[in-house]
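Participant: Here's my sequence, what's the structure:
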Amino acid sequence: MTEVQVAGDSDIPGVVATLAEAFATDPVLSFLFEDPARRPSLLAAFFANRLAGGRGFDEVVVPADAADGRSCAAVWVPPAEPGGPGPDFAAVGAANMALLGEEWAVERLAPLAPMMEAHPLTPHWYLAFVGTAVSARGRGLASACISEVTRRCDATGHGAYLESSDPANVPLYERHGFSVTSEVTILGGPTVPLMWRDPR
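Facilitator: Model (predicted):
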C-alpha cells in the first residue's frame, strides 16, 4: 500500500496542479466551467481558491513518496459538530464571482444548490475532492488517500460522505465501503450520485 501524509503548505501548488488536471473532464466541473479552452486555467484558480478557503480546517492527503507526491491528492473536510466552527468559504465564492461574473453564478453555480443542500447533517468526514494525474492512474494512489481517512472513521465511529461528480468513479468508492444513497440532477447538467459510508 502506498504511504501517504498530510500535505504541507509547500505541497499545495502541486496539489492545485494535480486536481486541475484530474478534473479536466469531470462532468460537474465541465458544467461549471463550460469553455474547454479556458477550463484548465479556471480549474487552477478554482482549486487554489478552494484550498485557501479551507486552510487550517481541510485535511489534504497526498502520497508520501516524493516521486508520487504531486500525482494524487484527496481533500477531506473533518467532522464539525452542530453549531461548531467550520471552514468559511465566503471568500472563495467572492473570488470566483470576481473571476467569472454574476451571470456565471446564476447560470452555472446556482444549479449546484440542490447538491449542496443534500449534504448530511450528521457529523462526518467529507471527501470533497480526490484526483490523480492521468499518467499516474491505476497504481492505487487514490485508494491510499481515501483509506487513510476511512480507517480513522472506523476507529472513531464517524461516517463519511461524498458526491461522485463522475459516476464512473462509483465502483472505486464502493470498494472503500461507500454506497449510493440517492442522486441529484443538476438543472441543465449531469446527475450526481450521493454516497455514504458507515464506519466498520
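
Participant: can you give me the strands for this structure?
Facilitator: 4-6, 59-63, 72-77, 124-132, 159-163, 179-185, 191-197 (DSSP state E).

Participant: right, so those: which one is the most enclosed?
Facilitator: Counting by mean count of other C-beta atoms under 10 Å, strand 72-77 has the highest mean neighbour count of these, with a mean of 25. In short, each C-beta sits where N, CA and C put it, glycine included.

Participant: Tell me which helix or strand in this protein has the weakest average pLDDT.
Facilitator: Taking mean pLDDT, DSSP states H and E as the measure, the chain has helix 90-100 as its least confident helix or strand, at a mean of 71.

Participant: Any stretches of the chain with poor pLDDT?
Facilitator: Scanning the chain for pLDDT under 70 picks out the ranges 1, 67-69, 81-93.

Participant: at 80 instead, please
Facilitator: 1, 66-70, 80-106 (pLDDT under 80).

Participant: Quick one: the strands of the chain as TSV, columns for distance to Pro111 too.
Facilitator: Listed next are these as TSV, based on distance: least, C-beta to C-beta, whole Å:
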stretch	distance to Pro111
strand 4-6	33
strand 59-63	27
strand 72-77	22
strand 124-132	19
strand 159-163	14
strand 179-185	10
strand 191-197	11
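
Participant: Of those, give the one that comes closest to Glu107.
Facilitator: strand 179-185 (16.3 Å; C-beta to C-beta).

Participant: helices and strands around that closest one, which ones?
Facilitator: When contacts are defined as 3 or more C-beta pairs under 8 Å, 6 or more residues apart in numbering; DSSP states H and E, strand 179-185 packs onto strand 191-197.
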